[in-house]
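1. Structural data only, the sequence is not supplied:
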């Protein structure tokens, strides 16, 4: 692996592109995307190395650090490649390029550039090579990508140069003490630690130098720490793990699938694990980490379905990292709510997620975010659209107008979500579960097809982009012909109408002609979508107008909305309900016109 080697042109076979365009992707198609990401990262590294050549630094020069990585790759290409393809590595590359272009901030530039030295240390440890590097320490800590965090017990605060020596998988780390005059050291053999629910309240060995993917067997867990000047660390002879004085191991979420065991990093340590600027480690409490393991293990069981790599299916081993967002409340939100989930095109296979209480919600989120990763990798290979980035389009899953790139990402991600719920509908024999799965499947296929039509008529798709969106359209058109429980289908259609109607009432200004360009209200703001998930199940004893509408009683809903409008005649939420209930009861040309342009009923803001 070198940044200098000539890269052959990547030519994706038409069949693999067709698989991805349909919303799915075989093992071969996803391997091609990873190959593209690898090539892209090597090119970005080449750019950074050129820019770093004249950067003053007290650390090992970047060119020498990269040489250590290459030497490690010659001995152990697979683990070093996984390190290069780790989401946090992509995040670091993108952040450094933004810093060099003046669009991002962070610690001293020499320290951030020196993260390449930390990558080199990890690569050397994974390959078992010998190396010596001067590395950046933050408060006496060195984050080792893919492995964990080494900590000197007595250290000078702030950024300081340290010294790392690797030999046969062992690390000796040295740095200045609090006075800056005496060197303290720590010697340990870093390994990751796999979480498991096999024994309540314990962690067991799992990964041993495997940052993500299939779980190796026969690996020791924890961190074998030899006493140095820094004192004792964490020794775990029985395979259990606890955070020692000298070592915080990277935890991995583990599960078993039909294809074999899986380990996915639960990354709360890497400074570049987030989607933006670097951030300090935020170690999860043991109880929170085990809660993640329990919900992950059950989510993987839901995703482990036979039938091939169709849209909405994901092999869990392809997830490269889960980054926990903040601390989850003692009682997380009820399913299927996930308050935060996000991914970045720079961090293929990684996702930032706040832990849900439901395995079903986590499984859906993993599918959703991995769809974003797939599309981002395609966008790195092909120009798919010419986007002016003007935010003027309706996205059925957003409160605000979106640009075309956001629209394309949403369509691709939610096509995967629709496929996920389609599989749930096919797999269940329970009537209540079928109602819920049928609703989500029907809603997302309808919303995605609407967005796909917008994309196809935008006139801004490239030939490859048109082929991709046409593939999504073919998938969705086939799904629209598939049967769904009638009551679930009715609720999905109503919920879709409600969202679009309220979106226009809150965002769009009235115009004199239906052919006038779309104008947006100057007072528009974020609004909570309280109906999309509320309509997933029919209420047994409806009381509110929304509940009557979800239960199929449009007359009772209309009466309730009318009563509420007497007190709040301009409330967009209530007005949207009234318009949809009225159109349901009286499907006339006038009511259809009102559904199309509901903003004509909404008074304009004063001033």
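-> Happy to help now that I have it. Note that this is a predicted model, so its numbers are computed, not measured. Numbers count the residues shown, from 1 in each chain.

2. Nearest the geometric middle of the protein, what residue?
-> Per CA atoms, centre = their mean, the C-alpha nearest to the average position across the chain is that of residue 351, at 2.6 Å.

3. Tell me who's in contact with that residue.
-> Neighbouring residues of residue 351 by CB atoms under 8 Å, 6 or more residues apart in numbering: 319, 321-323, 341-343, 365-366, 369-370, 373. Any C-beta I mention is one placed from the backbone N, CA and C, and that applies to glycine too.

4. count of residues packed around the spatially closest residue to residue 168 that is not a sequence neighbour?
-> Once flanking residues are discounted, residue 168 sits nearest to residue 128: 5.5 Å by CB to CB, 6 or more residues apart in numbering. Close neighbours of residue 128, defined as other CB atoms under 10 Å, add up to 15.

5. Surely residue 128 touches residue 79?
-> No. Contact status for residue 128 versus residue 79: not in contact, 10.0 Å apart, counting by CB atoms under 8 Å.

6. right, and residue 549 touches residue 577 too?
-> Yes. Between residue 549 and residue 577 there is a contact under CB under 8 Å: 6.4 Å.

7. Point out where the stretch 1-150 of the chain drops to low pLDDT.
-> 1-8 (pLDDT under 70).

8. What are the boundaries of the strands in it?
-> Assigned by DSSP state E, counting those that start in this stretch, the stretch 1-150 of the chain shows strands spanning 131-138, 141-144, 148-151.

9. what comes up buried for the last one?
-> When neighbours are counted by 16 or more other CB atoms under 10 Å, the buried residues of strand 148-151 are found to be 148-151.

10. Output the residues you listed in CSV, with distance to residue 567 appended to each entry.
-> Formatted as CSV, these follow (distance: CB to CB, whole Å):
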residue, distance to residue 567
148, 58
149, 57
150, 63
151, 60
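
11. circling back: what strand or helix carries the residue nearest to the centre of the chain?
-> strand 350-353 (DSSP states H and E).

12. Neighbouring strands of that strand in the sheet, and parallel or not?
-> Pairing partners of strand 350-353, with direction, according to DSSP bridges: strand 321-324 (parallel), strand 341-342 (antiparallel).

13. deepest of these, which one?
-> Burial of those is given as mean neighbour count (mean count of other CB atoms under 10 Å); strand 321-324 ranks first at a mean of 24.

14. Would you mind pulling the contact partners of that one?
-> Strand 321-324 is contacted by residues 86-88, 211-212, 253, 264-268, 273-274, 284, 288, 292, 296, 347, 349-355 when judged by CB under 8 Å, 6+ apart.

15. Can you report the mean pLDDT over the residues of it?
-> The pLDDT scores in strand 321-324 average 97.

16. Can you give the distance of the strand holding residue 351 from its chain's centre?
-> Here strand 350-353 shows a centroid-to-chain-centroid distance of 4 Å under the convention CA atoms, centre = their mean, to the nearest Å.

17. Quick check: buried residues in it?
-> By neighbour count on 16+ other CB under 10 Å, the buried set for strand 350-353 is 350-353.

18. Let me know whether residue 142 touches residue 150 as I believe.
-> Yes. Contact between residue 142 and residue 150 holds when scored by CB under 8 Å: they sit 4.7 Å apart.

19. so what's in contact with those two at the same time?
-> Common neighbours of residue 142 and residue 150 (CB under 8 Å, 6+ apart) are residue 173.

20. how close does residue 115 sit to residue 372?
-> Plainly put, residue 115 is 25 Å away from residue 372 if you go by CB to CB, to the nearest Å.

21. ok, those two, which is more surrounded?
-> residue 115 (27 against 21).

22. Am I right that residue 474 falls within a helix?
-> Yes. Per DSSP: H, G, I helix; E, B strand; the rest coil, residue 474 lies within a helix segment.

23. if I pick it, what's in contact with it?
-> Counted by CB under 8 Å, 6+ apart, residue 474 has contacts residue 22.

24. before we move on, back to that, for residue 549 and residue 577, list the residues in contact with both.
-> 498, 557.

25. Residues contacting stretch 102-111 from elsewhere in the structure, which ones?
-> Residues contacting stretch 102-111 (CB under 8 Å, 6+ apart): 55-59, 95, 98-99, 112, 136, 138, 159, 277-278.

26. Could you pick out the buried ones from those?
-> The neighbour-count criterion (16+ other CB under 10 Å) marks 57, 59, 95, 98-99, 112, 136, 138, 159, 278 among the contacts of stretch 102-111 as buried.

27. Columns distance to residue 396 on top of the strands paired with strand 350-353, output as CSV?
-> Formatted as CSV, the strands paired with strand 350-353 follow (distance: least, CB to CB, whole Å):
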stretch, distance to residue 396
strand 321-324, 27
strand 341-342, 17
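
28. And what about residue 162, helix, strand or coil?
-> Classified using three-state DSSP, residue 162 is strand.

29. residue contacts, it?
-> Neighbours of residue 162 in contact, by CB under 8 Å, 6+ apart: 134-137, 140, 142, 152, 173-176.

30. Distance to residue 594 added to the contacts of residue 351, as CSV?
-> Below are those laid out as CSV (distance: CB to CB, whole Å):
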residue, distance to residue 594
319, 45
321, 48
322, 45
323, 45
341, 35
342, 36
343, 38
365, 36
366, 40
369, 37
370, 39
373, 40
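
31. so which of those comes closest to residue 489?
-> Ranked by distance to residue 489 (CB to CB), those are led by residue 365 at 24.4 Å.

32. Quick check: that closest one is in a helix.
-> Yes. Counting by three-state DSSP, one finds residue 365 located in a helix.

33. Distance check, it against residue 471.
-> 24 Å.

34. next one: residue 311
-> According to CB to CB, residue 311 and residue 471 sit 10 Å apart.

35. So if I had to pick from those two, which one is more boxed in?
-> Ranked by neighbour count (other CB under 10 Å), residue 311 and residue 471 place residue 311 first, with 26 against 21.

36. and the more buried one, what does it touch?
-> Contacts of residue 311 by CB under 8 Å, 6+ apart are 22-24, 415-416, 418-419, 475.

37. which phi and psi does the closest residue to it other than its chain neighbours have?
-> Sequence neighbours aside, residue 23 is the residue nearest to residue 311 in space, at 3.1 Å (criterion: CB to CB, 6+ apart). For residue 23, the backbone dihedrals (degrees, to the nearest 10) come out as phi 100, psi -10.

38. Hmm, residue 23 is touching residue 414, no?
-> No. Counting by CB under 8 Å, residue 23 does not reach residue 414; the two are 9.7 Å apart.

39. what about those two, which has more around it?
-> residue 23 (30 against 24).

40. and the gap between the more buried one and residue 367?
-> Applying CB to CB, the value for residue 23 to residue 367 is 10 Å.

41. Can you pull the residues that touch both of those two?
-> Contacts common to residue 23 and residue 367, judged by CB under 8 Å, 6+ apart, are 312, 416, 419.

42. dump the residue contacts of the second one.
-> Right, the one you point to is residue 416. Taking CB under 8 Å, 6+ apart, we find residue 416 in contact with 23, 311-312, 367-368, 370-371.

43. repeat for the last one
-> Residue 419 is in contact with 23-24, 310-313, 367, 475, counting by CB under 8 Å, 6+ apart.

44. Tell me the first helix or strand C-terminal of the helix or strand containing it.
-> Under the criterion of DSSP H and E, residue 419 resides in helix 404-427. Per DSSP H and E, the first helix or strand lying C-terminal to helix 404-427 is helix 431-457.
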